[in-house]
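Trainee: Provide a 3D model corresponding to the input given below.
(2 chains)
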Amino acid sequence: MNPHSSDHPLCSDHGGEHPTVLDLPHVPLGLKREWLDLETRRHFLGQGVKALGWAGLATLLGRSAPNLLANSPIPGAPAFLPHYAPKAKRAIYLFMAGSPSQFETWDYKPALADLFDKDLPESVRGGQTLTGMTASQTRFPIAPSIYKFARHGKAGRFISELFPYTAKVSDELCVIKSLHTDAINHEPAILQLTTGNMFPGRPSIGSWLSYGLGAMNEELPTFVVMTSKMPHRTNVQALSNRLWSSGFLSPEHAAVALRSGSDPVLYLNNPKGVESDVRRAMIDGVNDLNRQLFERVGDPEINARISQYEMAFRMQTSVPELTDFSNEPQSTWDLYGPKAKEPGTFAYNCLMARRLAERGVRFTQIFLRSWDQHSNLPKNIKLMAEDSDQPTYALVTDLKRRGLLDDTVVIWGGEFGRTVYSQGTLTPTNYGRDHHPRCFSMWMAGGGVKPGMSYGETDDFSYNIVKDPMHIRDLHATILHLFGLDHSKLSFKFQGLDQKLTGVLPSKVINDLLA
Amino acid sequence: MSRRFVILLLPLLSFWPAFGADVHIPAQIEFNRDVRPILSDNCFSCHGPDAAHRKAKLRLDVREAALAKEAFLPGKPAESELIARIRSSDEDEIMPPPDSHKKLSARDKAVLARWIAQGAEYQNHWAYEPPVKALLPAGANPIDALIARRLTEVGMKPSPEADRRTLIRRLRSDLHGLPPTPAEVAAFENDRAPDAYTRLVERLLASPHYGERMALGWLDLVRFADTIGYHSDNPRNVWPYRDWVIASFNANKRFDRFTLEQIAGDLLPDASVETRVGSAFNRLLLSTEEGGAQPKDYEARMVADRVRAIGTAWLGQTTGCAQCHDHKFDPITQRDFYALGAFFTDVKEASVGRREEGMLVTTPEQDARLAQLDAAVTAARRAVADRGGEIDVAQTEWETESGGATQGAPRDVATALKKEKATRTAKEKSAVRDHFRTQVSTVARAELDALAAAERTRKEFADSLLHCLVTEALPASQRRTVRLLPRGNWMDESGEVMKPAVPGYLPQPRLDGREPTRLDLARWLVSRENPLTARAFVNRLWKQFFGTALSRVPSDLGAQGETPLNGPLLDWLTCEFMDRGWDVKHVVRTMVASATYRQISLAPPAQLAADADNREFARQGRFRVEAELVRDAALAAGGLLSPHIGGPSVKPYQPARYWEMLNFPARDYATEQGEAQYRRGLYVWWQRSFLHPSLLAFDAPNREECVAERNRSNLPQQALVLLNDPTYVEAARGLATRILAEGAGTTEARLTFAWSRALQRAPRAAEARIATALLDAHLRAYRADVPAVDALLATGDSPVPVGLDREARAELAAWTHVARVLLNLHEFITRD
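Mentor: Next up, the predicted model:
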């Protein structure tokens, strides 16, 4: 027999060696109970189909026998017990697609004010690859931020005037100014941030978490993605399914796209002329007939199919409840702002993210596009900030007041940074910025991240990192760590290799960021 | 190991290592079957083929090298370092080391010890050895004989033959991807001639639907899609290649020729439009139009993409690892990777930017027509030229008379006319001349009009012709260079420039010192000496007809794949395929003719316990059909399926706004009207970044990478698609319409008709009871709710029969739900 296919119910790399969570010291009792509960549910699954989370159920029943072991080491259970005591149970990732400039947001560079329209010293640029968009520029004139900064919070952090609301939760944020990436164009850069690799085909962060930790609820997906309406439509990035796909992991780990409007999950709505009692009768009919077949042929796939119809039915009930905001009190609208009532806006999506977090969705990713300000940056970044600042603040505040921020990590950022020099003509009131992979800023809050902290420093031009560089792989390793997962152990065998979110190059958890 | 077994084990998980020792260990250890997987999984990463990362200069993948370092003493496990290390409890001694996160089970350790005790013999990796054709008794079906041999060894018995209805459903699914009609089933059930089965197979093999079914897997393998993939994911012209694949399978084109045309269809001595369309294969990779994209980056991606494609589609090797370093498990080196990539430096392909329109794809009739139209244009031009002098004189007069009055002239002509004749540019002169000739001249009006008409006709015809991206070879001076990229980094140009070469670990082509071309690569892939191509092909074919491949991972015949349990069978099929001139239909016929193929798919409990995954083929497989075939089955049952073969991709109903995240440019989705709405799933528009969601739900791959094996998941989204996608609701309405029109008057007779259309059998009594109760409930509800009836029946473009009264429409609505139930059944989408 082949040891990596059928002998080992555990991943070959993890042949039963890890202790269970019950053996670990310092694990809160509640968490131990959760795992015991999970063990019990696994046990039930051996005897018959009981309701289990979307992913969990699908992991158990979700594929034909030949693929069962190929795809997940233990049916009906997450692939990996946590390697450490987790701090975060959920994440909400606010993905600012197109990449906001660090100069106007989080990386305050007061010294640049005196260098307006001076040429960027060649020594700073150091032979950096440029995109096709500025490679032919004869000058690289320095463009200081047109927006002012002021100190906020107990920590006295400098925050741009573009974010008056987010500034109010400054002490909750851990701002990282020293992120760096390998890619200089959007497509590879977004892929690298969402999947750890510049090439298509890898699972995204949410899929890894779904695979590694399983589901926390019984009627909603584990990984949800939302895309937001934009306040303006210039330099809009294209997005694709591959940013939230499960790659080589089983498809139940892919994100379910939650859409705005009347059809929030694809094909969730009944056909016209079908009332919900008809729907129930129909599903009963399908399941009754499938049960008859099961009695004749005994194929467990049939029982799996029956469970999926039950799950589909539950979703048809739970999703409308999820998207019905009528029970939200006035305080919600005061907090998130009036745009939160308009489906599909970033504000609406932030509120939805909170509702998803409450219902046990593990990973929610919200994309907001059109931060790619190659030109007219002052005007357009303001539009973007005005659209997203209050809802971002509201989300952090709302999670906190509901006690969810402690175990929900919120992540904000784009896919790379932008250049200190202007792309195109520089005037006192207008400029643009090109892509810049060598440094960029992001922030995280909650979920075991150290609040009020700043990490990493860049040079006076925010061109190179001078202290504590943090590669995207380190960000991924750190996020997994917050969830109790060791990035070097969370792996899946594909094409003969133990594939990991952080890949094969060195990556480390940034312990300084941990609360 | 069975699923049930795994579940029973769960409470025991923490005792796993102890449990492992109980697992049976073969008396006679076989290196490839028993030892190589353990070494490959746990040791080769540091002690394997990758020299750059080898630890302690020890390699365990080559016996002589391992012996030279005294890794073990054959026959003496107790004195062997390897055994001491794996049994050590000292953290500094134990292998694999703790920080590798790898760990040997007790069984693994026992296997290694027994292997050393028996002399530590190695075998070359099975897939790189020449296939050997087993000698078999005359008269026996070779597949059945080799399966029987294996079943005897493992103490199992084959299953009985399935009933006729199951057999024809199975054959139609495997050979056409479509369900049989009730009449076909009845005819086969009633055909008592001894050759009934053979005749059925031959009839199905001769149908053009055979090519469609065979194309399905091949299009995954070569990542065929209608769009470029990256960033804007814009369309490109490649669909004639799909028709070429279908036609090639239907014509039973030899697989070696099929290979040559795809990789080097432009270089063949007898290159033609057809072979060039085949060479679209080289253009199926991903490309980008992103503004800031670095050409070198995408050039490197394209090299790697092409190498991976050859690896997956022909060699059954995972080459991707070697893009950055020597493969850790297989002998493919980084040099091999880039040398393989160097075969493609002559393929004309922009590294960044819009793809070109492509080659004109014409039939001989179209060529003749085009020549005819060209001749007509030439003749018309000549007629005009004969009177050219007169026309020019008239033009001068007109210009003088009008004196720059430009009423009615287009702006550029008006501008030109205002200028002195001598100062006009060539472009302006020609604009004035064209304007005069087409719009103004009264001289030679008939000749001028005839020319315009001839030109228009030609253009309209030319515009209606098809284009396809194909391979065009660059002249030697313009070929790209391929460098070995250290760590796969395209920015590092320090690596050596590579010359084309096939992987060093495989038998080499005879070249007499000549630098090999793409054509040489293609010929080598399908040469008798190459042990991989035919193996990979028949292995995949086996999966199509039995549900599981003989070597379990069709994309990987290397060390991390699986040594086939029935090696002689895979070898026999490999040899037979090549001996018979790469005759695909012959191998297909051989497979489906076997008693092994005709077995039932039900397993008695004992067999299920012994072989849950059906690795021994003591029964047939049962599995949910591919995404496209789910669609086809529903459309067929609803009487909506278009029988048309080939043609451009189609856009069936798709949820609104599904493409809203596409940009550069933003795009609308134009849903097909008429017959095009009801084409087979094979023809659905393949948008890589947003594949049609109902195909995606059933595991159709996005075709960004070559895929040798699809997932077979079972997810709630599938239920939602079958329940609510308008395609399936409309198909159910279509089925209901037929039930009412063609089923005899009673509910019982109608149910019999419905079951026979959808499942090709009669309903059982209990099923009929359930369906009747459902029907009655719906009928009551719909009789009272006319708006609901109207709304339901309005789903889909196909017309509702006219002249139905209120009661008939309520009946149609109620039966639509019965039909929906049928289309949602597990049995409906399962091939067994």
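
Trainee: right, and the helix or strand after the least confident helix or strand in chain A by mean pLDDT?
Mentor: Within chain A, no helix or strand scores below helix A:65-71, which has a mean of 31 by mean pLDDT, DSSP states H and E. As assigned by DSSP states H and E, the chain's next helix or strand after helix A:65-71 is strand A:90-96.

Trainee: Pull the residues that contact that next one.
Mentor: Residues from elsewhere that reach strand A:90-96 (CB atoms under 8 Å, 6 or more residues apart in numbering or on different chains): A:193-194, A:205-206, A:209, A:216, A:350, A:353, A:357, A:360-368, A:371, A:384, A:388, A:392, A:395, A:399, A:404, A:407-414, A:447, A:479, A:482-483. Any C-beta I mention is one placed from the backbone N, CA and C, and that applies to glycine too.

Trainee: OK, contacts around the residue of chain A found nearest chain B?
Mentor: Per CB to the nearest CB, A:G496 is where chain A lies closest to chain B, at 2.6 Å. For A:G496, the contacting residues are B:40, B:318, B:321, B:328-330, B:556, B:558-561, by CB under 8 Å, 6+ apart.

Trainee: now do A:V509
Mentor: A:474, A:477-478, A:481, A:487.

Trainee: Can you tell me which of the residues you listed is nearest B:P486?
Mentor: Using CB to CB, A:D474 comes nearest to B:P486 of the contacts of A:V509, at 22.9 Å.

Trainee: What strand or helix carries the closest one?
Mentor: helix A:472-482.

Trainee: overlap between the contacts of A:G496 and the residues near chain A?
Mentor: B:40, B:318, B:321, B:328-330, B:556, B:558-561 (CB under 8 Å from any CB of the partner chain).

Trainee: Look at residue 197 and give its secondary structure.
Mentor: No chain specified, so I'll use chain A. coil (DSSP: H, G, I helix; E, B strand; the rest coil).

Trainee: pLDDT score for it?
Mentor: Note on A:N197: pLDDT of 93.

Trainee: didn't it look like it was pressed against A:G503?
Mentor: Yes: counting by CB atoms under 8 Å, A:N197 touches A:G503, with 6.4 Å between them.

Trainee: For the stretch 51-200 of chain B, just list every one of the helices.
Mentor: B:63-68, B:81-87, B:106-117, B:142-154, B:164-175, B:182-190, B:196-206 (DSSP state H, counting those that start in this stretch).

Trainee: Which residue of chain A lies farthest from its centroid?
Mentor: Distance from the C-alpha centroid of chain A, by CA atoms, centre = their mean, peaks at A:R296 (44.7 Å).

Trainee: Just confirm that residue is within a strand.
Mentor: No: using three-state DSSP, the secondary structure at A:R296 is helix, not a strand.

Trainee: Report the contact partners of it.
Mentor: Contacts of A:R296 (CB under 8 Å, 6+ apart): none.

Trainee: gap between it and A:S240?
Mentor: According to CB to CB, to the nearest Å, A:R296 stands 43 Å off from A:S240.

Trainee: And for the closest residue to chain A within the stretch 501-650 of chain B, the neighbour number?
Mentor: As assessed by CB to the nearest CB, chain A sits closest to B:Q560 within the stretch 501-650 of chain B, at 2.6 Å. Here the number of neighbours of B:Q560 (other CB atoms under 10 Å in any protein chain shown) works out to 24.

Trainee: Excluding residues flanking it in the chain, which one is nearest it?
Mentor: A:G496 (2.6 Å; CB to CB, 6 or more residues apart in numbering or on different chains).
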